[in-house]
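# Just to be clear, the model below is a prediction. Sequence and coordinates:
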Amino acid sequence: MGKIRFKDTVSKYDQIMAELKRRKYSPVYLLTGEETLHIDAVSDYIAENVLEAQDRAFNQIVLYGKDTDVNSIIFAVSRPPMMAKYQVVIVKEAQHLKLDAAGQEKLLKYMKHPLDTTILVICMKGAKHIDRRSKLYLEIKERGTILETVNPYDNEIPGWISNHLKQKGASIDSAATAILAEHLGNDLNKIVGELDKLFILLPENSKTVTVADIEKNIGINKDYNVFELGKAVFTKNVVKANRIIRYFGDNPNANPMVVVISSLFTQFLKLFKYQIIKQQSPAISAFDMAKATGVEPFFLREYDAAAALYTPVKVMHVIALLREYDMKSKGWNDAGTPDHELMKELVFKIMH
């Protein structure tokens, strides 16, 4: 079985949700993986939409892995629904369930002949999972539906943000997407929380999220953030870079050193990829370059300009500097220099 990628997670999630909305149900759903947003979304949809509100008291059971066992699950799923077409059994935090060989055998026995009137949802979050080679996993795959989730890479976040808003009938400009991705990282639950807040607060006649909306409603300063620092460094704008670093020094909690270094590291790593690909394939299209580097097409011109200011050798030196100052910020070979001073020193060395 091949490695699961984030785009596989999204594709499978979309398929499952489409089937659920058509009221096409599987007897068992195994929702497993480290990325939890899609697991919760499927589980919540089933909990809120399969049964009518008046039927849930008798026909919807929620169990928790820490507080239940396999025998209790088998007992719950094996009974018929009361005056309803289905009963729903949701096992949350199933990663804490004691699932030894005997327990797996009991579940396997049920999975071979699941009741058509029971919908069993197993939510298993985190690194612990059912072995994909086991008989139990293969039986669930044969009889039911499996959603395996993985966390997205940083370069997958901007596209996901755009698609999430598109599904809500809104859009977002490229600069705003980049700032959100840099500021919020790859925690999809956090991103969705902020996007939903933005969506609610948009003016009635507006369906496009802009940098101004982000600054007003999320608190990211449009002029002083890691995204703008990266642009200043790329263009070797010393005055602007120092102004941003001074602002970071005054607001250390909002702009921690680890986030700044991580952002610059990602940026220069992409620049190095851009340079190598450009050398090997001078006629490469913007679409293919964006796909290969993870750089949004809108920003490729900035990378082209930066490539003229930073040679590949210099870029490798910058990456080494970023590693060095990451260690210094953590106390290695440094006598406690304040982060904003380290940041100022680092950016000076990068641009000179």
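Ah, there it is.
# and for the strand or helix carrying E324, what are the contacting residues?
For E324, the enclosing helix or strand under DSSP states H and E is helix 312-329. Applying CB atoms under 8 Å, 6 or more residues apart in numbering, the external contacts of helix 312-329 come out as 257-258, 261, 264-265, 268-269, 271-272, 275-276, 310, 333-334, 337, 339, 342, 345-346, 349-350. The C-beta positions use only the backbone N, C-alpha and C, and glycine is treated the same way.
# Tell me which of those residues fall in helices.
Per DSSP state H, helices hold the following members of the contacts of helix 312-329: 257-258, 261, 264-265, 268-269, 271-272, 275-276, 339, 342, 345-346, 349-350.
# Show the buried residues in those.
Using 16 or more other CB atoms under 10 Å as the burial test, the ones in helices among the contacts of helix 312-329 include 257, 261, 264-265, 268-269, 271-272, 275, 339, 342, 346, 350 as buried.
# Just send those back as TSV, with pLDDT and distance to I161 too.
Formatted as TSV, those follow (pLDDT from 0 to 100; distance: CB to CB, whole Å):
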residue	pLDDT	distance to I161
M257	86	25
I261	90	23
L264	91	21
F265	91	21
F268	93	23
L269	93	21
L271	93	22
F272	94	25
Q275	94	27
D339	81	28
L342	88	31
L346	91	29
I350	93	28
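# Let me have these in CSV, extended by distance to I122.
Formatted as CSV, those follow (distance: CB to CB, whole Å):
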residue, distance to I122
M257, 41
I261, 39
L264, 41
F265, 38
F268, 43
L269, 38
L271, 44
F272, 43
Q275, 47
D339, 44
L342, 47
L346, 47
I350, 49
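# domains in the chain, as residue ranges please.
6-149, 154-217, 250-351 (automatic domain parsing).
# ok now the shortest one, how far from the chain's centre?
Averaging C-alpha coordinates over domain 154-217 and over its chain gives two centres that are 13 Å apart (CA atoms, centre = their mean, to the nearest Å).
# How far does that domain stretch from one end to the other?
23 Å (CA to CA, to the nearest Å).
# tell me the mean pLDDT for it?
When pLDDT is averaged over domain 154-217, the result is 80.
# Which pLDDT value goes with the residue lying closest to D69 once chain neighbours are set aside?
In this structure, D69 finds its nearest non-sequential neighbour in K98, 6.4 Å apart by CB to CB, 6 or more residues apart in numbering. Note on K98: pLDDT of 88.
# List just the nearest of the buried ones among the ones in helices among the contacts of helix 312-329 to G249.
Nearest to G249 among those is D339, at 7.7 Å by CB to CB.
# and I161, what element?
Using DSSP H and E, I161 falls in helix 157-167.
# Give me the buried positions along that helix.
Of the residues in helix 157-167, those buried (16+ other CB under 10 Å) are 157-162, 164-165.
# Nearest to G230 among the domains of the chain would be which one?
The nearest among the domains of the chain, by CB to CB, is domain 250-351 at 4.9 Å.
# Tell me how far F227 lies from S72.
According to CB to CB, to the nearest Å, F227 and S72 sit 50 Å apart.
# Return the backbone torsion pair for the residue lying farthest from the centre of the chain.
For the chain, the residue at maximal distance from the C-alpha centroid (CA atoms, centre = their mean) is M83, at 40.5 Å. Main-chain torsions, M83, degrees, to the nearest 10: phi 50, psi 40.
# mind listing what it touches?
55, 58.
# Look at it and report its pLDDT.
Reading off the model, M83 has pLDDT 90.
# What of A335?
For A335, the predicted pLDDT is 64.
# that older thread, which two among the buried ones among the ones in helices among the contacts of helix 312-329 are spaced furthest apart?
Largest pairwise distance in those, by CB to CB, is 29.7 Å, between Q275 and D339.
# And for the residue lying closest to L300 once chain neighbours are set aside, the neighbour number?
Closest residue in space to L300, ignoring its immediate chain neighbours: A286 at 5.6 Å, by CB to CB, 6+ apart. A286: 12 surrounding residues under other CB atoms under 10 Å.
# A286 contacts F298, doesn't it?
No: between A286 and F298 there is no contact, the gap being 9.8 Å when judged by CB atoms under 8 Å.
# So which residues make contact with the biggest strand by length in the chain?
If you go by DSSP state E, the chain has its longest strand at strand 118-125. Strand 118-125 is contacted from outside by 25-34, 36, 39-40, 42-43, 46, 50, 73, 77-78, 81, 86-95, 114, 130, 144, using CB under 8 Å, 6+ apart.
# Give me the buried entries from the residues you listed.
Using 16+ other CB under 10 Å, the buried ones in those are 25-33, 36, 39, 42-43, 46, 50, 73, 77, 81, 86-95, 114, 130, 144.
# which residues of this protein score low on pLDDT?
Residue ranges of the chain with pLDDT under 70: 1-2, 219, 221-222, 333-335.
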